[in-house]
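A.B. asks: A predicted structure for the sequence below; I have some questions about it.
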Amino acid sequence: MSNSIGIYIHVPYCRSKCPYCDFFSMRGNDSEYKNYTAILKEKIIYWSKRIDKTVDTIYIGGGTPSLIGDKNLVDIINSIKNYFTIDKNSEITVEVNPESAKHLSFENLRSVGVNRISIGLQSANKTELKKLGRIHSHKDAVDTIYLSKNAGIENISLDIMLGISEQTSESLKNTLEFCVESGIKHISSYILKLEENTFYYKNKDRYNFPDDETTSDFYLETVDFLNKSGFNQYEISNFAVKGYESKHNLKYWNLDNYLGIGPAAHSFIDGKRFYYNRSIEDFKNDIIIDEGSGGNKEEYIMLKLRLKKGLNIGEYEKAFGKLPKDFFKKIELYTNSGFTEYKNDYLSFTPKGFLVSNNIISDLI
Ligand code: SF4
């Protein structure tokens, strides 16, 4: 069992609700941000008494963590540092929305060890940002990158979106070029999914979303463009300059330990999965939902195959026993059809394979 752990902190506040978003988030005000920070600090103490592991990644996500301001964020990070043992090379990430970044002191964040900033850019095109209901402008994103770098935080990630209403290959290229030229280190590129209960889902007829085939083309164009621009794909949706892969997010796919603190936050510790409900009240009252054991062989295959590196067959068989002959016959078929690769004992998806990876994984396991 590993003696290290990553901590995820969920900040469930946003200035307004984006029409595609299904994350647990709501509007708040300064006093609610302060109260929520106080609850988080209590829970950090609670967990520090129950977990004896060294923290090597901290990720503050949301919601919009930058909305609660650097003072509260510093308070949360200091609390983790005071109550847990922290590795001196820890990766500490804060998600920042370009609109709220101008009210944030990146110097203060840097002073408590924040060394990675993840920015919700989504698109570099004005009309697409408007369609997405985002309240920031392209200039806000440029300013946020500048402020972060100026404070000495060079490890910056941008989130972008594929499948936006009326998106075209040209507009996508414009966004990708913006990312590459801005000198950042990491890009997460997500395909827009119409989640039930979102405004988009209920009003989909009002929009002109690209069809699945066009969105698949956007994905392949993105992979190709970023790989050629020095951003190596290391996961189905993630790309990084060498050495800047997200250490925290890799824990999810490598079945390493992580503790999620906050409503809707999930944890995986020493083979056990549990989570908090989507409710601040339940979070306050320590209501934790036990999901039992995790990390079985199906989960292992599924998570490892999200990584570009893929599934190491030897390691799998050491942990779970021999794979059936049928598995290798299927791999051969998928490899011959260009969906997978099988090299040096690693089974991995090609970009085309990633697009249908759910179906292939269900067939394999
Ligand atoms: S800012 Fe992010 S978390 Fe908040 S509503 Fe928009 S997409 Fe959801």
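C.D. replies: Received the coordinates, thanks. From a predicted model like this one, the values you see are computed outputs, not experimental measurements.

A.B. asks: Which elements pack onto the longest strand that the chain contains?
C.D. replies: What stands out as the longest strand in the chain, according to DSSP state E, is strand 85-96. In terms of contacts (3 or more Cβ pairs under 8 Å, 6 or more residues apart in numbering; DSSP states H and E), strand 85-96 is packed against strand 54-62, helix 69-83, strand 116-122, helix 247-253. No exception for glycine: its C-beta is placed from N, CA and C like everyone else's.

A.B. asks: Quick one: the ones you listed as JSON lines, columns for mean neighbour count too.
C.D. replies: Written out in JSON lines, the entries for the helices and strands packed on strand 85-96 read as follows (neighbours: other Cβ atoms under 10 Å):
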{"stretch": "strand 54-62", "mean neighbour count": "22"}
{"stretch": "helix 69-83", "mean neighbour count": "19"}
{"stretch": "strand 116-122", "mean neighbour count": "26"}
{"stretch": "helix 247-253", "mean neighbour count": "19"}
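
A.B. asks: Chain neighbours aside, what residue packs nearest to the residue nearest to the spatial centre of the chain?
C.D. replies: The geometric centre of the chain, computed from its C-alpha atoms, lies nearest to Asn249 (Cα atoms, centre = their mean), at 6.2 Å. Spatial nearest neighbour of Asn249, chain neighbours left out: Asn238 (6.9 Å); criterion: Cβ to Cβ, 6 or more residues apart in numbering.

A.B. asks: Give me the neighbour count for the one you found.
C.D. replies: When neighbours are defined as other Cβ atoms under 10 Å, Asn238 has 24 of them.

A.B. asks: what's the helix or strand that the longest strand of the chain is followed by packed up against?
C.D. replies: On the C-terminal side of strand 85-96, the closest following helix or strand by DSSP states H and E is helix 106-111. When contacts are defined as 3+ Cβ pairs under 8 Å, 6+ apart, helix 106-111 sits against helix 69-83, helix 138-150.

A.B. asks: and helix 106-111, how far out from the chain's middle?
C.D. replies: 22 Å (Cα atoms, centre = their mean, to the nearest Å).

A.B. asks: now swap in stretch 307-315 and tell me
C.D. replies: Stretch 307-315 sits 21 Å away from the centroid of its parent chain (Cα atoms, centre = their mean).

A.B. asks: Endpoints of that stretch, how far apart?
C.D. replies: Stretch 307-315 has an end-to-end distance of 15 Å (criterion: Cα to Cα, to the nearest Å).

A.B. asks: Show me the contact partners of it.
C.D. replies: Among residues not part of stretch 307-315, those counted as contacts by Cβ atoms under 8 Å, 6 or more residues apart in numbering are 232-235, 253-254, 300-301, 304-305, 323, 341, 345-349.

A.B. asks: Any chance of a ChimeraX selection covering the buried ones in the residues you listed?
C.D. replies: Burial among the contacts of stretch 307-315 is assessed by 16 or more other Cβ atoms under 10 Å; the matching ChimeraX selection reads:
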select :233,234,235,253,300,301,304,305,323,341,346,347,348,349
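
A.B. asks: Out of the contacts of stretch 307-315, list just those in helices.
C.D. replies: Secondary structure defined by DSSP state H assigns Trp253, Tyr300, Ile301, Lys304 of the contacts of stretch 307-315 to helices.

A.B. asks: I'd like to know how many residues surround Val356.
C.D. replies: Val356 has 13 neighbours, counted by other Cβ under 10 Å.

A.B. asks: Which residue comes closest to it once chain neighbours are left out?
C.D. replies: Spatial nearest neighbour of Val356, excluding adjacent residues (Cβ to Cβ, 6+ apart): Phe339 at 6.8 Å.

A.B. asks: pretty sure the one you found is in contact with Lys352, am I right?
C.D. replies: Yes: look at Phe339 against Lys352 with Cβ atoms under 8 Å: they come within range, at 6.1 Å.

A.B. asks: Ile365 - how many residues pack around it?
C.D. replies: Counted by other Cβ under 10 Å, the residues lying close to Ile365 total 14.

A.B. asks: any idea how far Leu305 is from it?
C.D. replies: Relative to Leu305, Ile365 is positioned 10 Å away (Cβ to Cβ, to the nearest Å).

A.B. asks: same thing with Glu107?
C.D. replies: Here the criterion is Cβ to Cβ. By it, Glu107 lies 41 Å from Leu305.

A.B. asks: again, but for Asn155
C.D. replies: With distances taken as Cβ to Cβ, Asn155 is found 27 Å from Leu305.

A.B. asks: And Asp211, by the same measure?
C.D. replies: To Leu305, Asp211 is 26 Å away according to Cβ to Cβ.

A.B. asks: what does Phe268 give?
C.D. replies: Counting by Cβ to Cβ, the separation of Phe268 from Leu305 is 18 Å.

A.B. asks: sorry, back to before: note down every partner strand of the longest strand of the chain and its orientation.
C.D. replies: With DSSP bridges as the criterion, the sheet partners recorded for strand 85-96 are strand 54-62 (parallel), strand 116-122 (parallel).
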